[in-house]
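Participant: Here is a sequence with its predicted model. Questions after.
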Amino acid sequence: MTEMLTMKRRTFLTGSAGAVVAAGFAGTAPLARAQDAKPLPDYVAWKDADALIVHSDKTLETKRGAIGTSIITPEEKLYIRNNVNTPPESIVADRDAWAVEFAGVKEPKTLTVAELKTLGLATVATVLQCSGNGRKYFMDQLTGDQKMSGTPWTVGAAGCVLWSGVPLKAVVDALGGPADGVRFITGTGGEELPAGLDPKDLVVERSVPMSNLENVILAWEMNGNPTSLAHGGPLRMIVPGYSGVNNIKYVKTLALTEAETDAKIQRTNYRMHALGEQGSPDDPPVWEQPVRSWITTPLESAAAGPAQVAGVAFGGMNACESVEVSVDGGQNWQKANFVGPDLGRFAWRNFVLSVELAPGSYTLVSRATDTEGNVQPEESEMNGSGYSHNGWRGPAVALTVS
């Protein structure tokens, strides 16, 4: 991933005690929020309320204990992050009639979903993850004089999803190939924008490098069902290995372009800028996801004796090569085993370490390495919007064994 900007930070607690402090936020915050839990918004009333934390009508987080060990995240438990209001249900009334304008190809054309279904089919498992997943751990490191805005996600703004649709490469080939000089794939969402405002300030429009042409799919199916309105149906642009904002919901226009879009969501937002500064086109964009992992079970408490310490790990653009687990806050590490099928380099892997736990207090952490040798760091470099957190100390689990 493009390099992250470094800024001066106060010294974070290290060792087992520090990890316990960090884990306190990760392990106990969902329980504290549950006492004044908000109801599910109407457009996702079908989701599992017991598995989700409602931060707002546009931000719902999967509870850590609901992630499970079965690789694929059920749609009713999958997080939600919307930048603008969800379109009306009417857009999924006739899914095959949804039309997408294709530009930046030698034979520009508008195609319906029904027509796209005749051009090719692919299925890919990807980690869908909000760019701000883990922001809470950045917030925990700041002093009273340093503030960071945004949803305080812990680890639940992520899931592993199966997408089915047409490969973008097949569509581009059917339309004569890329136009000369194109360098980016630019997708535009079909959300309705408020009147009287500059559309470029609100439109969900993102550009990613043309190097992704072989990977991108236009997905009409998610986890074996038609892609729901809540998650981008009738058609969503999926960019495997990239942060969630680049996976355009309700994709209405797809253009191969010479330059990145000048929409605000790309021009200045979702940029890796220093704390206290505004994003600019000169700052690295939030694109590829970094290598990451976290523990999903046990959480908070366990009985003395044999235990299975399990979690999820992924490498972003690369496959996850290995995972280590520590039960003493990172002082000693043991290699974990992967469990379940390997669904490809863009999916996460479930891992487990069998341990014997005596009564006492433990700090559980995990550390992943991808196939390119990138190792999950102890702490992530600070950035002004709390994007792309992948430090292993932040999501530590404070476990009491009795």
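Facilitator: Nice, I can see it. Because the structure is predicted, anything quoted here is derived from the model rather than measured. Residues are numbered from 1 along each chain as shown.

Participant: Can you give me every residue that contacts the spatially most central residue of the chain?
Facilitator: Nearest to the geometric centre of the chain sits residue 129, at 0.6 Å (Cα atoms, centre = their mean). Each residue near residue 129 by Cβ atoms under 8 Å, 6 or more residues apart in numbering is listed here: 157-159, 243-244, 289. For the C-beta atoms, the positions are set from N, CA and C on the backbone; glycine is no exception.

Participant: Secondary structure and distance to residue 280 added to those, as a markdown table?
Facilitator: Formatted as a markdown table, the contacts of residue 129 follow (DSSP: H, G, I helix; E, B strand; the rest coil; distance: Cβ to Cβ, whole Å):
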| residue | secondary structure | distance to residue 280 |
| --- | --- | --- |
| 157 | coil | 25 |
| 158 | strand | 27 |
| 159 | strand | 31 |
| 243 | coil | 19 |
| 244 | helix | 22 |
| 289 | coil | 22 |
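
Participant: Out of those, who's the most crowded?
Facilitator: When these are compared by neighbour count (other Cβ atoms under 10 Å), residue 289 ends up highest, at 28 neighbours.

Participant: What's the separation between that residue and residue 346?
Facilitator: Residue 289 is 9 Å from residue 346, where distance means Cβ to Cβ, to the nearest Å.

Participant: Quick one: residues contacting the residue lying closest to residue 131 once chain neighbours are set aside.
Facilitator: When the adjacent residues along the chain are set aside, residue 131 lies closest to residue 243, with 4.1 Å between them (Cβ to Cβ, 6 or more residues apart in numbering). Listed by Cβ under 8 Å, 6+ apart, the contact partners of residue 243 are 129-131, 270, 286-289, 387-388.

Participant: do the same with residue 214
Facilitator: 167, 169.

Participant: if I've got this straight, it is in a strand?
Facilitator: No. According to DSSP: H, G, I helix; E, B strand; the rest coil, residue 214 belongs to no strand; its state is coil.

Participant: quick one: pLDDT of it?
Facilitator: pLDDT, residue 214: 97.

Participant: Kindly report the same for residue 34.
Facilitator: In this model, residue 34 carries a pLDDT of 44.

Participant: Report the separation between residue 207 and residue 254.
Facilitator: For residue 207, the distance to residue 254 equals 11 Å [Cβ to Cβ].

Participant: ok, now residue 220?
Facilitator: 14 Å.

Participant: shaky segments in the stretch 1-150 of the chain?
Facilitator: 1-36 (pLDDT under 70).

Participant: So which residues of the stretch 1-150 of the chain form strands?
Facilitator: Applying DSSP state E, counting those that start in this stretch to the stretch 1-150 of the chain gives strands spanning 52-56, 59-62, 80-81, 99-103, 109-112, 122-129.
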